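[1] Quick one: sequence plus predicted model below, questions after.
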Amino acid sequence: MSKTKILFAGESWHSNITEGKGFNFFSIGIYEEAVEWIRKALDIDEFDFVYLPSHRVPVEFPHSEEELNKFDVIIL
């Protein structure tokens, strides 16, 4: 029996935070992902789980019907 192929796209982001205290300002840039829970649930023997972070979607997300049909499930 073949595995169900799942594409999960999104759930990542960049944040820029600027804090000010008196005359001092601090800028912090961070990158975060919120894929850990769905990955734990779906990254099992029955599924072929593929994760595509948000910043890679514009270039790497399937653009044709043929490419989309390689996946049984697509979660956005």
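    Perfect, thanks for sending it. Numbering: from 1, shown residues only.
[2] mind listing what's buried in the lengthiest helix in the chain?
    The residue-count maximum for a helix in the chain (DSSP state H) belongs to helix 36-42. For helix 36-42, a neighbour-count test (16 or more other CB atoms under 10 Å) marks Leu42 as buried. C-beta: built from backbone N, CA, C; applies to glycine.
[3] can you check stretch 9-24 too?
    For stretch 9-24, the neighbour count (16+ other CB under 10 Å) marks Ala9, Gly10, Glu11, Ser12 as buried.
[4] correct me, but the last one touches Glu32?
    In this case it means Ser12. Yes. Look at Ser12 against Glu32 with CB atoms under 8 Å: they come within range, at 6.8 Å.
[5] Skipping its backbone neighbours, what lies nearest the residue nearest in space to the middle of the chain in space?
    Centroid-nearest residue in the chain, with CA atoms, centre = their mean: Pro53, separated by 2.8 Å. Among residues not flanking Pro53 along the chain, Ser12 sits closest, at 3.8 Å (CB to CB, 6 or more residues apart in numbering).
[6] distance of the one you found from Thr4?
    From Ser12 over to Thr4 the distance is 23 Å, taken as CB to CB, to the nearest Å.
[7] what about Ser54, how many neighbours?
    13 (other CB atoms under 10 Å).
[8] isn't it right up against Trp13?
    Yes. Ser54 lies in contact with Trp13 (CB under 8 Å); the separation is 6.4 Å.
[9] out of the buried residues of stretch 9-24, who's nearest Phe49?
    Nearest to Phe49 among the buried residues of stretch 9-24: Ala9, at 12.0 Å, using CB to CB.
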